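Q: sequence and predicted structure are below.
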Amino acid sequence: MGVRGLLGYVERDCPGAFYEVDLRKQAKAARAKGIEPVIIVDLYNVVRHIYADLDWISGGQFRQYVDHMGQFLDAFYSAGIRLVIVGDGTTQQDKRDVWVKRRYEAVEKDVYPVYNALKQGCYPCSKEMKMPNVQSKLVLRYVFNHEVTTSLREADDEIALLARKHKALGILANDSDYLIYQTGVPMLSIKHLNWETLRTMCYDNCMLARRLGIAVNQLPIFAILAGNDVIDREKLAGFCSNLKITNFNVRFNFPAICNYIAIHLPGPGDNSQILRCVEYIAGSILHNPSYQPIIENALKGYFLDFPEVQYSTSPDEHWSKILNIFRDGYTSSYSPNQYPILIGRPYDSSTVLEDFRESHSIPPNCLLWESTRQRTYGILLKEKPGACVDGQFVISVEEWCMSGIGSLDEANLVVPMAPPHHPGLLYLHTERTPQAQTERWKLFAWAVDPRLDHTKLTGLEPAAVCLVSNLYKLQHERERPVLSNWEVRAFIVQFFLLKTLSEADMNHQRLVTPSPRGAQLANLYARSHVFHINYAVGGAIPMDQTMSLYQLDGQLFQRVYNRGDVTAVQLYKEFHGYQVESGVSQTTIQGLVDDIYHRIE
């Protein structure tokens, strides 16, 4: 996110720092010079723009999102522009406090108002949507075979390094930090991008610095003193008071901060001169010398002076081979974020569209899948040298998982649970024999729930395996089932209806306002942990089939759900007005629904 309010300030108050560019013309000019036109894409930022006006409350419209993604990629392909797309990496410890604060703020400001509106029977009109779990990295990798990079660094840091390395045309994003990084590359606005013309607006940090009266390489100091992802504005209250800043209005306060920089801090010079002011900022401005290493790391980051990423190695040859497999899957974005867990990094899960006030009836996602994560850690870490003593785990995994206000006040340390039988990760990920597949099924089912018989999953089409796993979890994780019988059947009927509807059918759905419970159940379903289980055990089913794209359409589900306790055949007849491409007939729908239903009992 960077410096709050900075992008708006540039747009409104910095003539010459915000102007239109034609990316087709820029690409053509680059090729004329023998330079490959490259744009670095912050995937987290652009997903909202690509998702656009699709329904984001009802659970997600995944088919339509994939269609949008295809149009987005084709626009750049046709212009001969290479997109280097970077997905989220890991949250750095220096930014954890701000990360936690913003997760809590999102619940109060963005999530609860949505459910308050739904309880009044109104479709929410929120400016800040909480994105469904659209699985963008998987869509790019498995649907479009497009390269996506994931780093052990913060995604912002990796993007800045890649922008400088490729001498990119720009960074396509919506994050003010890219105006602060000393990349020499402008930020291109995803908000203003026209896919047809490939025109957008450019943020020019040289003109921004000139407008503020400081040098470009003093912008990192400005970011620290204005408040960023490392130094929150609350820590700057005393400094702002000294500047007579009582109400943070960026139009007046940004120039005031820069005027202070010009008077009291080192003038423009080389970067080492800028870094020498760290002690002064920590001690004399923030009055807390303990902030000095945090500020120093933040400033070095803005100057792209990062420590080299040390991908973990092990003197244990067997474990080293395992690390290589998981590292390759992680950095190329084919896998979930499991490599960081193998090397001792935390697992975190952010705020999503969940009403934690209803946790008594609908469990938060991270609590529903908590025991599964514990068993998955057991599968992943059982062979790690020193992890187990006498068959018992002596290590833990640090988790930061949002389950309501207060849940992120401190980390949760989870001790992995050892599986009853483990043939080894190398065996699971390399052997493709029938016996190896049986071992994968057994571990897969155990990770979902030790009571789940793996034979209930075998013989199903891959997407239906996910359906059964998710519904079994909902019905058996707690003392009481989360879903009533008719709600279970609603999920199953929606699954089979989705297979019969064409793209035109999906695009012409009438928007319905979901009930609060219907919205929360669909969003809970869409954040399944099955993808993580499947990768851990070496792929019991094809990885792409774990995607919500093949299991759920939020709006379709809400239409089925709003019909209440109606038989599968009746529901199918009501939706049969659509043009059916292929798949399920009325005479078989009830049998298919019953088969799935009995597998989760």
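A: Sure, I can see it. As the structure is a computational prediction, the values presented were derived from the model and not from experiment. Residues are numbered from 1 along each chain as shown.
Q: please count neighbours and contacts with C-alpha atoms only from this point.
A: OK.
Q: and for residue 459, the neighbour number?
A: Residue 459 is surrounded by 9 other residues when neighbours are defined as other Cα atoms under 10 Å.
Q: scratch that, residue 316
A: The local packing of residue 316 (other Cα under 10 Å) involves 10 other residues.
Q: distance check, it against residue 421.
A: Here the distance between residue 316 and residue 421 works out to 22 Å (Cα to Cα, to the nearest Å).
Q: check residue 332 too.
A: If you measure residue 332 against residue 421 using Cα to Cα, the figure is 30 Å.
Q: so those two - more neighbours on which side?
A: Of the pair residue 332 and residue 421, residue 332 is the one with more neighbours under other Cα under 10 Å, namely 18 against 10.
Q: dihedrals phi and psi, that one?
A: Its backbone dihedrals place residue 332 at phi -90, psi 0, with angles given as degrees, to the nearest 10.
Q: once you drop chain neighbours, what's closest to it?
A: Leaving aside its chain neighbours, residue 332 sits nearest to residue 149 (5.4 Å; criterion: Cα to Cα, 6 or more residues apart in numbering).
Q: quick one: the helices in the stretch 251-400 of the chain, in order.
A: In chain order, the stretch 251-400 of the chain shows helices spanning 271-275, 278-280, 292-302, 317-331, 339-342, 365-368, 370-381, with DSSP state H, counting those that start in this stretch as the criterion.
Q: and the shortest one, which residues are buried?
A: The one in question is helix 278-280. Within helix 278-280, the residues that qualify as buried are 278, 279, counting by 16 or more other Cα atoms under 10 Å.
Q: by contact count, what packs against that helix?
A: helix 292-302 (3 or more Cα pairs under 8 Å, 6 or more residues apart in numbering; DSSP states H and E).
Q: so what's the residue nearest to residue 332 up against?
A: 84, 85, 86, 87, 331, 332, 333 (Cα atoms under 8 Å, 6 or more residues apart in numbering).
Q: count of neighbours near residue 206?
A: 19.
Q: pLDDT weak spots in the protein?
A: Residues of the chain meeting the criterion pLDDT under 70: 1, 126-128, 245-248, 266-269, 309-312, 566-569, 571-587.
Q: now do the strands in it.
A: Listed in chain order, the strands of the chain (DSSP state E) span 18-22, 38-42, 82-86, 148-149, 170-173, 187-189, 199-203, 347-349, 388-389, 392-393, 397-401, 412-414.
Q: picking that back up, in a markdown table, list the contacts of residue 149 along with distance to residue 468.
A: As requested, these are exported to a markdown table (distance: Cα to Cα, whole Å):
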| residue | distance to residue 468 |
| --- | --- |
| 84 | 37 |
| 85 | 33 |
| 86 | 33 |
| 87 | 29 |
| 331 | 30 |
| 332 | 29 |
| 333 | 26 |
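Q: of all these, which comes closest to residue 78?
A: residue 84 (15.5 Å; Cα to Cα).
Q: that closest one and residue 147 touch, don't they?
A: Yes - the pair residue 84 and residue 147 qualifies as a contact (Cα atoms under 8 Å) at a distance of 7.3 Å.
Q: tell me which of those two has more neighbours.
A: Using other Cα under 10 Å, the more surrounded residue of residue 84 and residue 147 is residue 84, with 21 against 16.
Q: could you give the number of residues near the closest residue to the more buried one other than its chain neighbours?
A: Excluding the flanking residues, the one nearest residue 84 by Cα to Cα, 6+ apart is residue 40, at 4.8 Å. As a burial measure, residue 40 scores 27 neighbours (other Cα under 10 Å).
Q: now residue 40: how far from residue 184?
A: Plainly put, residue 40 is 13 Å away from residue 184 if you go by Cα to Cα.
Q: next one: residue 433
A: Separation of residue 433 from residue 184 (Cα to Cα): 52 Å.
Q: swap in residue 43?
A: For residue 43, the distance to residue 184 equals 21 Å [Cα to Cα].
Q: likewise for residue 348?
A: Using Cα to Cα, which is the criterion applied here, residue 348 is 32 Å from residue 184.
Q: try residue 76
A: For residue 76, the distance to residue 184 - Cα to Cα - is 22 Å.
Q: give me the more crowded residue out of the two.
A: With neighbours defined as other Cα under 10 Å, residue 76 and residue 184 compare such that residue 76 has more, 20 against 17.
Q: for that one, give me its contacts.
A: Residue 76 makes contact with 82, 83, 198, according to Cα under 8 Å, 6+ apart.
Q: neighbours around residue 212, how many?
A: Residue 212, neighbours per other Cα under 10 Å, totals 20.
Q: which residue ranges form the helices in the stretch 401-550 of the chain?
A: Counting by DSSP H, counting those that start in this stretch, the stretch 401-550 of the chain has helices at residues 425-430, 434-448, 462-476, 485-500, 503-507, 516-526, 530-536.
Q: what is the longest one packed up against?
A: Under the contact definition 3+ Cα pairs under 8 Å, 6+ apart, helix 485-500 sits against helix 462-476, helix 554-561, helix 568-575, helix 586-599.
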